[in-house]
Each structure stands twice: as structure tokens, then as C-alpha cells.
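S.K.: here are the coordinates; sequence isn't available:
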């Protein structure tokens, strides 16, 4: 691929709801750019963007694909992202290096949950954006309804640039609002000009007024001319719109048909006309040598620096670190410094990635997106720069995974292979997390949703040839006591030669500190238990609190006082006192009103106001205590509640169903509380069966 200078580059992320047509839009762009000689389809599994076997099997995108599209002397780096919220980490990574966004909407399905989320992400990152309405070849598609809905949601910022023309229920052309001209596609795929149909004139007038008003607001001179009734030229309108689109005060709405590849030429032209090149964007890091702000601003003349926004660790194509060059010009065999790892990396060859294909390039200019192969220590969100000018950029915040399941190898001996495969997957996807929960004897796999975890399970099987079973996780219950007791145990064993003798008298009582497993003190007088056996007594306590008497869960909040006992000059040993303490603890715990404690989380649910009643009703069924509800603007509210961890199982599925995919939740550990009798009974019975 040719080398492109910064001013000839556009970095555009495709956002939107799953199934809206992002991948097929990218496919049409690739086809019209001459990269492919025929258009693939998602249904056929032969698109450039969705190349992964798992994506083909499921029929939707699982990861972000980067596709550089050469167009009329420019390079448009298209970042095609998954539409499902299950893979939000991929979207966040792509948006972190995009300079603008196209939010794709199906003209048939209209505004969906993913549309709103895409808009919110653009607002958060201050990305210039435009909407592209697909499926206009489908009879039930309504461009007018989509535009009306967008204007109701986002106001005067929404400005349709085109209006569809239908004849005999066929999508045959469009009206260009700026030019006030109608155009019809011919057999060669080009357009013929003709008169604006009468039925389009009213809409054209309305849309034109919106554009002219937006133009007028860009300067005092234009505002005066507007009030005087002066007409703006096409060039004046386009220049003013370029400023307004880039600052986000105008959001164009375009439309077309992906399957017919109609509307793509105007879309690509408008990407180049209205979206900023990287050198028109701001980008700053910190020079770690002097702690001063480094204004990179995608300036090719400044010291070299880059940001790693994604990692591909594929068993077939190898490891690639996807980067955006933030300053300077990268060249083959450059040596860059990774401040985060305190290590230098020799770049070797430079590549551009087009979905699953890599192509070598001589250099990458500031603002461009490329790939580096086999970096030894560098990971996603790391910064690269020269050692003389060590720069670090703010790491992209990636959504935290809250859904988890217990997993185990289907075949004994596969544990190491699974661990290695998961290490690669967690390197690729920062929303996957594997955790060893040794306290509860389980390994946990975290993800964004149950579907996300199912996909991980499937990838492990198909790509890495290892199988895991996903199961309901064990909840980290604990046990404690509610009563003070005095107990003792004498461990005495004689079997030829030296015997074993250890005798302890202890007082067990609640400590009042539920964050500490145990407190140990001794008040022995007269040497009834020699001091050299005190550590053995504490070791016995340490062993005893690992599994309580009710359901074998760890014990917490207990105070143990060793106040008396006895010993044998010959037969006493550390082992004997350790065993005696364990048995005394176990015996005393059963007499001290033991209770089961369950972990409780502080839950935050963000939902549209329309669903707050359903959410609160569902939380009540889950034994949650709603502690507050706060409006947070844009028709959304935040519901706060305390909820037992056991009731959070499959909450993501329920929330998604109740809110049609618009709800979000997060939680953190709050405290332990005594479990209700029915919950405790089930856990005790389960422990009893496992023991049998």
C-alpha cells in the first residue's frame, strides 16, 4: 500500500446497533474502492470485515476490523466495530483512535439501543459524526421517520444532506439538499441529474432551511446576510458545514443501500470533505522526563510517538500490536521506548492491516493506523516513543466485566493449555478476565455478558483446541459465631515410643471485626501451656478458620483466647497442640450459634426512565434493598441498591430483556450480612451432600 501523509488520512469508526449494516457498509466501500472484485455478504460469510470462523458461524461481528480504503488520493481507515454491547471493549478501543464516526442505522429497524450508545460514546469522546441510514432499498424503510426521531432526540444538530427518491417502490435516486438537485442512478452505477420531484419539494425546503440556518450561525457576517434574506453560495455552505460538522454542531444524515452499493460515493466524498484529517485534531501526552504536556497533535515534524490501541494474538496470523502514530514518522527498524515497561522495542517491519491480511509499508506518518509485529513486552494501551522524549498517553478506559462463571477443563491435563489460551484471549480482549479464586476452590471467567462467555468458550474449542465447561459459580459465603463459649480439647495418642499430647482450653467469641478472620490472644498463667507451643495453637486456628462447621465456608470475625491447658514433658509436640486447637475450635463453634454470612454488593443500574418501575420490581424479587434513585439526564435514571451476590447470577440477561438492551449495571463488594434461614439451609444441605 502507498504511504499517505497526515492531511490525506481519515480515521473513521463505524458504530451502531447489531444488524444495522456496519459490516455490509464496509464491504460496499471496499468493493467500490476496487479492493475486491465482488461484494460479499454477512449471510454468505465472505465479507472482508467478518473473517473469523466464529463471526461467520454466528453471523455478526465479534471484534473490530481495520480496513484501509484508498479513495481519490486519500486513505480512509475504516474501523468496523461489533454492534452487540457484549463486545463493548472492541468498540471503546476503536473509538479511542478514530477522528470521526459514522453511526449506522437501519431504515427498516429505526433507532435502537445501539444507536443511543453510539451517540453517547461520540459525545464522551467529542467525535465529529454523521448518520448513515441503510436498507433504503427495502420497501418498509422510512428515512423520514428516522430523521424525525433523531431530531426529537438530538434537536437542530440533525441535518439530512440527502432525501431518498422512490419510484414504483424502488430506491432509484436521491435529492442533494445542498445543491437542491435530484440524481438518479443509471446502469453504470453513476448518476443522472433530473428535476426534483414535486413530492420532495416540501421536505427539501425544510431540510434546506435547517442547513442555511446552521450556516448563518457560524459567523456574524453570515448571520447578518441571513436576516437580510441573502442567498449563500454552495461553496459558502460547504465551508461553513465543514466547520460545523467538525465541531459537532451539525450532524449530517446520509442514506443508501449497502446491498446495491448506492449512496457510497457520496458518503466517501462527504467523509473526505467534512471529517477532519488527523492534523486538524488535538492529541496530547506527558513527557515523563520533565512532566510537561507534550502536544503531539499528529504533527509529523515532532519526535516519534505512538499509542497501542489493540492487540491481535492469533494462533494463525501471529501477534500484532495495532497502533496509531501520534507524532513523527515511523520507519522500519526504528527503536522505540515503552515507558510503561521500561523497555526498548525494535519495530522491524511496519504493516497496515486490512481485516486479516497484512501488507508491509515503508513508513507510517503521524495520524495513520498501522501494525507492529511481535513486540516483546508491549501491551494494549501502552505508549511508544523515543528514549530521548519518553511520552505516555492516557490509557483508554475499557469497560469492566461484571458477569462471571466458574470454569473447568473438560479433559484432565488440559489446564496448562487452557491457561495459555486464556492469556492470549485476555491480551486481545481487555474485557475478559480469568481469576483463580483459591478461597472457594474455583477458577472464574469474567466477561461483559453470558453470551460473551459463551463466545470465549467456543473460541477456545475451535481456535485453541481446548474445551472448558462453564458452570454457576460458588458464592463466597462465610461463617461466623454469635455467642461466647468456653471449650477445650485434649489430644492424646499412644502408639509405641513417643506419643502425642496436647491440651487446650479456649474461649471463642465474636470479635466484632468482620473483615479479619480471627484474633488470637493468650492469657495462660503458670506455664500450663509453654510459650513455645503458642505458634502451634495459632496454626491450629489458621487451619480451623479455613472451613467452618456449617457448610465448610471460611470463618471470619472470631476472637480466640487461649487461657489454659496442659502438656506432657515427653509426648507434647507442635502437631499435638495444633490438632487439639483445631478440634477445640470445631467443637466450640458448634456451640457458639454459628451462622452463615452472604456477600452483599452495592449495585448501580442505569436505565431509561420508562423502565425504572420494572427494575425496582425485579430487584425486590431478588432480595435487594433499593437505597436510592437519581435522574441523570437525557431520560435516564440511576437506581442504587444493596443486593446479595447470589441474586446477581444471570442479572445481565434479565436486565437486557427488561430494558430491550438499554440498561447497564455495575457493582462492587459492600459487606457481609447474615444469610436468611432458607438460603442458609440450602447451602448447608449442599455441603452435606458434597461431603457424602
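M.R.: Everything's here; your move. The structure displayed is predicted, hence computed values, not measured ones.
S.K.: How many neighbouring residues does residue 410 have?
M.R.: Neighbours of residue 410 under the rule other C-beta atoms under 10 Å: 12. No exception for glycine: its C-beta is placed from N, CA and C like everyone else's.
S.K.: Now do the same contact list for it.
M.R.: Contacts for residue 410 (C-beta atoms under 8 Å, 6 or more residues apart in numbering) come out as 467, 468, 469.
S.K.: can I get these in a markdown table with neighbour count and secondary structure?
M.R.: Below are these laid out as a markdown table (neighbours: other C-beta atoms under 10 Å; DSSP: H, G, I helix; E, B strand; the rest coil):
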| residue | neighbour count | secondary structure |
| --- | --- | --- |
| 467 | 14 | coil |
| 468 | 24 | strand |
| 469 | 11 | strand |
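S.K.: Return the closest of those residues with respect to residue 39.
M.R.: residue 467 (36.3 Å; C-beta to C-beta).
S.K.: For residue 362, see how far away that closest one is.
M.R.: Residue 467 sits 44 Å away from residue 362, going by C-beta to C-beta, to the nearest Å.
S.K.: ok, which stretches of the stretch 351-500 of the chain are helices?
M.R.: Remark: helices assigned in the stretch 351-500 of the chain by DSSP state H, counting those that start in this stretch are 415-428, 450-462.
S.K.: Which among the ones you listed is found nearest to residue 211?
M.R.: Of all the helices of the stretch 351-500 of the chain, helix 450-462 comes closest under C-beta to C-beta, at 41.7 Å.
S.K.: And the closest one, what does it pack against?
M.R.: On a contact count with 3 or more C-beta pairs under 8 Å, 6 or more residues apart in numbering; DSSP states H and E, helix 450-462 meets helix 53-58, strand 403-409, helix 415-428, strand 442-447, strand 468-471.
S.K.: tell me what the helix or strand hosting residue 30 is packed against?
M.R.: Using DSSP states H and E, residue 30 maps to helix 22-32. Helix 22-32 is packed against strand 9-16, strand 65-71, strand 74-80, strand 100-106, strand 129-134, helix 264-274, with contacts defined by 3+ C-beta pairs under 8 Å, 6+ apart.
S.K.: if we go to 7 Å?
M.R.: Judged by 3 or more C-beta pairs under 7 Å, 6 or more residues apart in numbering; DSSP states H and E, helix 22-32 is in contact with strand 9-16, strand 65-71, strand 74-80, helix 264-274.
S.K.: which residues of this structure score low on pLDDT?
M.R.: 495-497 (pLDDT under 70).
S.K.: And the residue nearest the centre of it?
M.R.: residue 89 (2.9 Å; C-alpha atoms, centre = their mean).
S.K.: For the stretch 501-650 of the chain, which segments are assigned as strands?
M.R.: Remark: strands assigned in the stretch 501-650 of the chain by DSSP state E, counting those that start in this stretch are 518-522, 558-566, 594-608, 625-633, 636-644.
S.K.: Can you say which of the ones you listed is nearest to residue 199?
M.R.: strand 594-608 (35.3 Å).
S.K.: can you map out the strands along the stretch 151-300 of the chain?
M.R.: 158-160, 162-167, 170-176, 181-185, 191-194, 251-255, 284-287, 292-295.
S.K.: now these as a markdown table including mean neighbour count and distance to residue 669?
M.R.: Shown next, in a markdown table, are the strands of the stretch 151-300 of the chain (neighbours: other C-beta atoms under 10 Å; distance: least, C-beta to C-beta, whole Å):
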| stretch | mean neighbour count | distance to residue 669 |
| --- | --- | --- |
| strand 158-160 | 24 | 43 |
| strand 162-167 | 20 | 52 |
| strand 170-176 | 20 | 54 |
| strand 181-185 | 18 | 59 |
| strand 191-194 | 13 | 61 |
| strand 251-255 | 23 | 41 |
| strand 284-287 | 17 | 33 |
| strand 292-295 | 14 | 37 |
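S.K.: Quick one: closest of those to residue 426.
M.R.: strand 284-287 (25.6 Å).
S.K.: partners of the closest one in the sheet?
M.R.: Strand 284-287 pairs in its sheet with strand 292-295 (antiparallel), strand 391-392 (antiparallel), by DSSP bridges.
S.K.: and after the longest one, which helix or strand comes next?
M.R.: Think strand 292-295. Past strand 292-295, the next helix or strand by DSSP H and E is strand 305-314.
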